[in-house]
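> Got a predicted structure plus its sequence, pasted below:
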Number of protein chains: 2
Amino acid sequence: MHPMFESLEHILQPRSVAVVGASRRAGSIGAEVFRNLVNTGFTGPVYPVNQSAQVVQEVRAFESLLQIPGDVDLAVIVVPKDKVLAVVDDCITKGVKGIVVLTAGFGELGVDGRALQDQVRARVLSHGIRMIGPNCLGVLNTHPDVQLNATFAPNWPPRGNVAIASQSGAVGLALLDYARHLGIGISQFVSMGNKVDVSGNDLIEYWEQDDETRVIALYLESLGNPKRFMQLAGRVSRTKPIVVVKSGRTEAGARAAASHTGALAGMDIAVDALFYQAGVLRTDTAEELFDLVTLLSNQPVPKGNRVAILTNAGGPGIMASDACETRGLTMAKLTDETVTTLRAVLPPEAAVNNPVDMIASAPAKSYEQCLQTLLADEGVDVVLVLFVPPLVTDAVSVSESICRAVNGTEKTVLVCLLGTDAVHGGEALLRAAHVPTYRFPEAAIVALASAVRYRHFLERPRGVAQTPSGIDEDAAKAVMDRARARGKGWLTGDETRGLLEAYGVRMPRTAIANSRKEAADVAADMGYPVALKLLSRSITHKTEVNGVHLGVGGPTDLARAYEAIEEGARATGIPNAMDGVLVQQMIVGGVEMYVGMTEAAAFGALVAFGAGGIAVEVYRDVAFRVHPLTDVDARDMLEPVRAQVLLRGFRGKPPADEPALLDAILRIDHLIATFPEVREMDVNPLVALPAGEGVIALDARVRVG
Amino acid sequence: MHPMFESLEHILQPRSVAVVGASRRAGSIGAEVFRNLVNTGFTGPVYPVNQSAQVVQEVRAFESLLQIPGDVDLAVIVVPKDKVLAVVDDCITKGVKGIVVLTAGFGELGVDGRALQDQVRARVLSHGIRMIGPNCLGVLNTHPDVQLNATFAPNWPPRGNVAIASQSGAVGLALLDYARHLGIGISQFVSMGNKVDVSGNDLIEYWEQDDETRVIALYLESLGNPKRFMQLAGRVSRTKPIVVVKSGRTEAGARAAASHTGALAGMDIAVDALFYQAGVLRTDTAEELFDLVTLLSNQPVPKGNRVAILTNAGGPGIMASDACETRGLTMAKLTDETVTTLRAVLPPEAAVNNPVDMIASAPAKSYEQCLQTLLADEGVDVVLVLFVPPLVTDAVSVSESICRAVNGTEKTVLVCLLGTDAVHGGEALLRAAHVPTYRFPEAAIVALASAVRYRHFLERPRGVAQTPSGIDEDAAKAVMDRARARGKGWLTGDETRGLLEAYGVRMPRTAIANSRKEAADVAADMGYPVALKLLSRSITHKTEVNGVHLGVGGPTDLARAYEAIEEGARATGIPNAMDGVLVQQMIVGGVEMYVGMTEAAAFGALVAFGAGGIAVEVYRDVAFRVHPLTDVDARDMLEPVRAQVLLRGFRGKPPADEPALLDAILRIDHLIATFPEVREMDVNPLVALPAGEGVIALDARVRVG
């Protein structure tokens, strides 16, 4: 038995429960939670504990936990907050294994509440008791061997394979209610409250082991330990999909709006990166959460993104096709065989391309025949069936027909019944056959697109940590020692160059020359074209004295430019104005990209890759990943970046050196790993030269702290 | 009486109706539509016409329309398609004023059906009869003086102020059903079918005059006459909001994906532009359509975008805040007075900032007190009230409390009741008080954001057509005459320059020089820096012979560059290789933008404005407007373009010359108006120089046809 499973079992599968604060007062939380436990038919004993009442809801009450004759696995605490500590002490004495504290007034109120909360926490932890809450709605387990409803929610949900945890009690209530309304079966439900002990991470680990749970649905407002969440969720989501609504984007929105590139990665961006890497499916709303959960808990994960649409009306078919395209799904191209079969079954007015429009007069039987045909097509991964109740066919017989067709298929099928009262009977039939139903096609497609993303995650190779070769650790360390000795802040230009070059990321060569000959030698060595710039302590505006020459293409040009600089400096009349020239390698061609690093609190370092120059600021054309990266992560970061098209040979230009770009990303990632004192880093632009020519950083900055 | 109103009145407010094809066979369309007319209590006589049956549903039937004793305003035709023409002839003979053809099998089936359809159309039009359909679900009017249900839809919707037209019968059915489910009151409903005569445009014009209709909701798959739609909708939406679901984006999606900038404007982009200019509110889905319609048909249009959120639970408050920010709304900053009042009313644990979290124990009365306080705050335009049913308060008393608070307010109030069965009673109360309710906060906010966009439209000045000054029409005409004489295709570089310059859009100056002296004179005239380029018929690769010198900064530099070109040409050994030099004005600084024009079928010309260079292709950072533009349109096009930040002084650069940019947009718009043979046009980049320095087009192309 996994230790996490064992420790939480006392809470989610207790053999006995005491409600401390069980009340006679109807409508009070202490009354409702006790009533729920009794009414739902909890399989073990439920003990009411009440300091003053002898009987609570026809059950003999105990004055204290300590008076209960048998063992108590789980204590549900509903007493006023100033009595919680004493009850916790009783729990310790009694040997209670798990505690759920419904009482509010703790950490959520700020400093005062937090002090009390810390005391509770310290006692519980030091005695190895697991605790949920405080400030929560309770816990629930629908398994017939348990039948635990230790919540004050008014309804008992249907049994099923979806586990739900909510950080907000109110949202938890709404989720339970809505799930019941939609007929979504729940395995267990936990309202996490202030997460003083048991966290979302713990529950993910618990549900990983729980055979009753196939899909994990979470409402989160914060991630207490993002790194652990990433590790756990990344593992668990390989076998059980994790669907999350994460709210609290507001602050993140404000941060993301900061114009500073280094501050690009607000918290929400970090959350998105983490979820992506861990295969966690984020939905925007609670409605979308359930649309997705109902699909994943009932149907196979789609094998791919090729969708066939079967409908009895044109309009909804068009709406569904639009939604497919908008959400990145593909309308399946039907084989000739499929088209021939459909043609034989359907009247001549029907459309046998995709969407297949059987027209309004289609009998229920056509649904069976056509759906079977589409499911047999190798080019189809998913079928979305649409039905608008017309006069000739009723939703029940259509649903029966659909149920027959899907029997035994390994492909994903979703149904959209466009109606309310007229389709309830059909809806119930389809649900019983594990075919998810939706009211409008768009909602079905949004859910489907997320399920396809989950397929992509499952198929994504796990990736391997990389150690780039040829890193000069000593040189890098020397630079960092020097920088550290100076204190926090930005590295100098030379330090930055030294650090990057030690990590194998080159920058344009640059050299000082004191004569025309020297400049020519240096330029010949670094290769033309070069830039030639006046070096002068006394002349500020070098351009005005003709002191800057870009694109110097060869020795003759260089000679002329050098003379022009000399002449310009002379013409100022300042004696010895010229201290020499700066010769800089000029980079011609290539594509300007961006690689950066920023910190996002408990998430740690994020690596950023995107379009270079100002595009990163203007278009936010940048992808983030949580450090450290694997080879797969690095390759994967290129995909969402729209400027990627520039790398693949844009408008007749040669394709860029993508392997070198990936290598550079991994080198920068390695640098971050080696020097955790790096707080922020921008390499912008990082020019990706044509294939085989590598990459070169034109500008970079590194901040340590 | 407006002629459109009068002509459609016979269909939507008939005094008598004949159902030709009224049937005895239960479940047939001919039976259902007749039954609906009778059961709904149509206020005039309903005549069944049936060739064989003497009685239809207890009513004496007529063998033909011609045998009906009284006048027939409206004939509903349900006969097989090969009999429709004969019935139309009867209608003409009988003097029927309006026809609704439910029968399918016409234009929607392609060529064959279209021939029959054209015949029907010709007869109807030539006799001044108005016709809806064919291939439709029928029409419906809930007014108690009419009570017309000439559809075969199974349900009769509640009466209200929303008029609905649907191009798809199936979607129409679903909309009617869903509206009834949500309690949205309908004034009239029209299923438009193949739109052979009466179009969406006609209905908009009709509903403009209809006192019963406050909101117009449309499901469209195509716009038959976009220009008329724009004109009509632009007028009508000033007084009655028009909300549209427009499907059929798929083809547009494919077109929008074309890499060619000129093909950027797919149909859907044209639709979006047109809707924006006309103030039409587009929603993505039918659900969102109703979410918005229920708001607009019940509440005042929001005065602004400052939202206060009142909740009894933290989680939903956070969700709503997130949604506000995501959708471009602002969380209102409450005044000190408001905060003080709230503080006095609420317990200390409550949060009195925005969102105002009254906590779960809040009694119903708190809703009234707090909502009144928020509505009195001058910084609040809209209040979203959230309620999660807890134990202590029920949805009915909360709803009563909300109803009291909103009584008499002119501000917009939305309510989200997070629950299903537990909130039905409250929902009904709020609906009766014209307070729209939602199940989840996000849906409420999405609707609200659209309503705020409508407010922006209402407040947007109407704009004035502009005639830019100083246009050399003769010069432009000369260029176009020359181009036209050559046939269809792209203008030459010189023609393009000539055309743009005639319209006051300058391009960099360029000149040919045959000596060093001449080059220097020309350069001095046009101003440094310039580019100097070898002109040679015999040398192809000019860069390789040092023939291209960019950024020539002054006379000395120019002399050297000229000599270098001479030397390079000489070194090739080709006699008389040098034909002179090209001197080109170089543009330094400024921001590269894009102005273009493309055609979108019946929409006509679209004007495009966006980021210049490759950003227009990579980021689609471009806004479209339907030509011709007003001054307001031009200014308005800047807003959605993200590269706009570059114009406003980015990273310490000077702000760009926006007035000159707007002027250039209007000049190009005027060019398009004057020369309708222009089929496509790209000015890219159009450099916006620092304020006061104007704009200059570095490159442009114009296609005529």
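Received it, and whenever you're ready, just let me know what you need. Given the structure is predicted, the values throughout are model-derived calculations rather than measurements. Residues are numbered from 1 along each chain as shown, chains lettered A, B, ... in the order given.

> need the residues of the stretch 451-600 of chain A near chain B, please.
Residues of the stretch 451-600 of chain A lying close to chain B (Cβ under 8 Å from any Cβ of the partner chain) are A:Thr543, A:Asn546, A:Leu550, A:Gly551, A:Gly553, A:Gly554, A:Thr556, A:Asp557, A:Arg560, A:Ala564, A:Glu567. Just so you know, the C-beta spots here come from the backbone N, C-alpha and C atoms, and that holds for glycine as well.

> Quick check: helices, which of the residues you listed are part of them?
Counting by DSSP state H, those place A:Thr556, A:Asp557, A:Arg560, A:Ala564, A:Glu567 in helices.

> Whichever of those end up buried, select them in PyMOL.
Here is the PyMOL command that selects the buried residues among those (16 or more other Cβ atoms under 10 Å in any protein chain shown):
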select buried, chain A and resi 557+560+564
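
> could you redo the ones in helices among the residues of the stretch 451-600 of chain A next to chain B as CSV and give each row pLDDT?
Converted to CSV, these look like this (pLDDT from 0 to 100):
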residue, pLDDT
A:Thr556, 78
A:Asp557, 78
A:Arg560, 83
A:Ala564, 85
A:Glu567, 89
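
> Chain B: which of the ones in helices among the residues of the stretch 451-600 of chain A next to chain B is nearest?
A:Arg560 (5.1 Å; Cβ to the nearest Cβ).

> Distance of that closest one relative to B:Lys303?
68 Å (Cβ to Cβ, to the nearest Å).

> Next: A:Val190.
43 Å.

> neighbour count winner among these two?
Set A:Val190 next to B:Lys303 and count neighbours by other Cβ atoms under 10 Å in any protein chain shown: A:Val190 wins out with 31 against 15.

> can you give me phi and psi for the more buried one?
When read as degrees, to the nearest 10, the backbone of A:Val190 gives phi -130, psi 130.

> same thing with A:Asp377?
Backbone torsions of A:Asp377, given as degrees, to the nearest 10, read phi -80, psi 120.

> quick one, what contacts it?
Listed by Cβ atoms under 8 Å, 6 or more residues apart in numbering or on different chains, the contact set of A:Asp377 reads A:Ala308, A:Ala332, A:Leu334, A:Thr335, A:Glu337, A:Thr338.

> and of the ones in helices among the residues of the stretch 451-600 of chain A next to chain B, the nearest to B:Gly589?
Closest approach between these and B:Gly589, by Cβ to Cβ: A:Ala564, at 22.6 Å.

> Please identify which of the ones in helices among the residues of the stretch 451-600 of chain A next to chain B is nearest to B:Arg343.
Nearest to B:Arg343 among these: A:Ala564, at 73.3 Å, using Cβ to Cβ.

> Now the closest one: closest residue in space, sequence neighbours ignored.
Counting by Cβ to Cβ, 6 or more residues apart in numbering or on different chains, A:Ala564 lies nearest to A:Asn546, which is 5.3 Å off, once chain neighbours are set aside.

> Then A:Gly234?
A:Gly234 sits nearest to A:Ala278 (Cβ to Cβ, 6+ apart), 4.0 Å away.

> Would you confirm that that neighbour contacts A:Lys227?
No. Under the criterion of Cβ atoms under 8 Å, A:Ala278 is not in contact with A:Lys227, lying 10.7 Å apart.

> related to what we said a few turns ago, next up, the contacts around the residue nearest to A:Gly234.
By Cβ under 8 Å, 6+ apart, the contact set of A:Ala278 is A:Phe229, A:Met230, A:Ala233, A:Gly234, A:Ser237, A:Ile242.

> Give me the subset of those lying in helices.
For these, membership in helices holds for A:Phe229, A:Met230, A:Ala233, A:Gly234, with DSSP H as the criterion.

> Neighbour-wise, give me the winner out of those.
Most neighbours among the ones in helices among the contacts of A:Ala278, by other Cβ under 10 Å: A:Ala233, with 27 neighbours.

> thought that residue was touching A:Gln277?
No. Counting by Cβ under 8 Å, A:Ala233 stays clear of A:Gln277, with 9.2 Å between them.

> just the strands in the stretch 551-700 of chain A please.
Along the stretch 551-700 of chain A, counting by DSSP state E, counting those that start in this stretch, strands occupy A:580-585, A:591-599, A:605-611, A:622-626, A:678-688, A:695-697, A:700-704.

> closest to A:Pro461 out of those strands?
Counting by Cβ to Cβ, A:Pro461 lies closest to strand A:622-626 out of these; the figure is 15.1 Å.
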